[in-house]
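Colleague: Sequence and predicted model, in that order:
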Amino acid sequence: MPINYKKTYDLLSHEEGIEFRDLTIELVKELYPHYSVKPEEIQNPDIIVITNQDDNVRIKLGLRDLYTRFIETARTRTDLKDTILSDYAHAFSKIEDAEYFQNPKEYTWADARDFVQPRLMKIEKFHDDLESFVYFPFGEGLVNAMIICEPDDLMNTRIRKEWLEKWNKTAEEVYIKALENFADVNEGLELVGTGKPHDYLWNQKGRDFSATAILLGSLRYLIAQTIGSPYRFSVPSNFVFFCWAELDDDEFQIEMKALIEREHDRLPGRLSTNIYEVDDKGQIKQIKETKDKPEPPKPQNFSNN
């Protein structure tokens, strides 16, 4: 059956998902004929597995983000091939480098200090190994993880707790340096927004770390100066955050919640539909879905730096 590309990925039928998966496999094989490309499971439309010639490196590729980017194009076969190349060529190029995966680089603090950054990440991305890495809680289902982001390596490295002792650094000291580096990376971040009576802001040009910019105290202050304080925000995707005020307007809050859910379904790099509030001191707390008093997800007091 033909795929209805007007649907978001989550609304595709099982048959449409299988068809998109099989087309992706076909095109990856055309681009990389020396790799083995197969479904992870024959009835699972969501994941394919790419294996090198020596069968010692395997990469799993989830297809939701690929589909989400592809439907923004003219949706031709060539467009899908171009999307695969633009978004995944850097990962595929590593498949032949078994050493890269089997013996990952261990960094000294001198190696890492200029490249440490924070990243909002879904807990599920860590599988069962979250406690091996340096992170701070950030609401239900999310963490603020510490990574090393070198400009010549497109596959970021998560910082392991065991490295802290070797570096003679605490997690908080690493985080402060990570925020400093991240502020430099996000210098010039552009915000756009709507006017009265219902102001809300979002970042105009999203990169795959743009949502994490909400951790920057300087940005939260700028937002407060623009739309007032307290205000709320959400990070539906790695690529975007939305901020809004008028907290006494229940109808507007419902509208913004619906917007966040739509963007979460539509965009690649899904993060969360959680709603957070920034108080007049710049501190972050999560808003619960019920009418109970909101409870914070143990936010870091030093995140205002």
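Modeller: Noted; the coordinates are in hand. Residues are numbered from 1 along each chain as shown.

Colleague: can you pull out the helices in this protein?
Modeller: Assigned helices in the chain, in chain order: 14-31, 64-70, 77-92, 98-102, 109-112, 161-167, 171-185, 217-227, 250-266 (criterion: DSSP state H).

Colleague: For the ones you listed, which has the smallest mean pLDDT value?
Modeller: The weakest mean pLDDT among those belongs to helix 98-102, with a mean of 57.

Colleague: looking at the helices of the chain, which is closest to residue 129?
Modeller: helix 161-167 (11.0 Å; CB to CB). All C-beta atoms are positioned from the backbone trio N, CA, C, and that covers glycine.

Colleague: Report the buried residues of the closest one.
Modeller: Judged by neighbour count using 16 or more other CB atoms under 10 Å, the buried positions of helix 161-167 are 163, 164, 167.

Colleague: Closest one of the residues you listed to residue 287?
Modeller: residue 164 (32.4 Å).

Colleague: Give me the buried positions along stretch 129-142.
Modeller: For stretch 129-142, by 16+ other CB under 10 Å, it's 133, 134, 135, 136, 138, 139, 142.

Colleague: If you could redo that for stretch 249-267, that was the one I meant.
Modeller: Quick answer for stretch 249-267 (16+ other CB under 10 Å): 252, 253, 256, 257, 259, 260, 263, 264, 266, 267.

Colleague: what sits against the residue lying closest to residue 61 once chain neighbours are set aside?
Modeller: Distances taken as CB to CB, 6 or more residues apart in numbering put residue 48 closest to residue 61, at 5.2 Å, once the chain neighbours are dropped. Counting by CB atoms under 8 Å, 6 or more residues apart in numbering, residue 48 touches 21, 24, 25, 28, 37, 38, 39, 40, 60, 61, 63.

Colleague: I'd like the distance between the last one and residue 10.
Modeller: Using CB to CB, to the nearest Å, residue 63 is found at 12 Å from residue 10.

Colleague: sorry, back to before: return the item of the buried residues of stretch 129-142 having minimum pLDDT.
Modeller: Ranking those by pLDDT, residue 139 lands last with 90.

Colleague: Does that one touch residue 272 like I think?
Modeller: Yes. At 7.0 Å, residue 139 counts as touching residue 272 under the criterion of CB atoms under 8 Å.

Colleague: Number of residues surrounding residue 237?
Modeller: 24 (other CB atoms under 10 Å).
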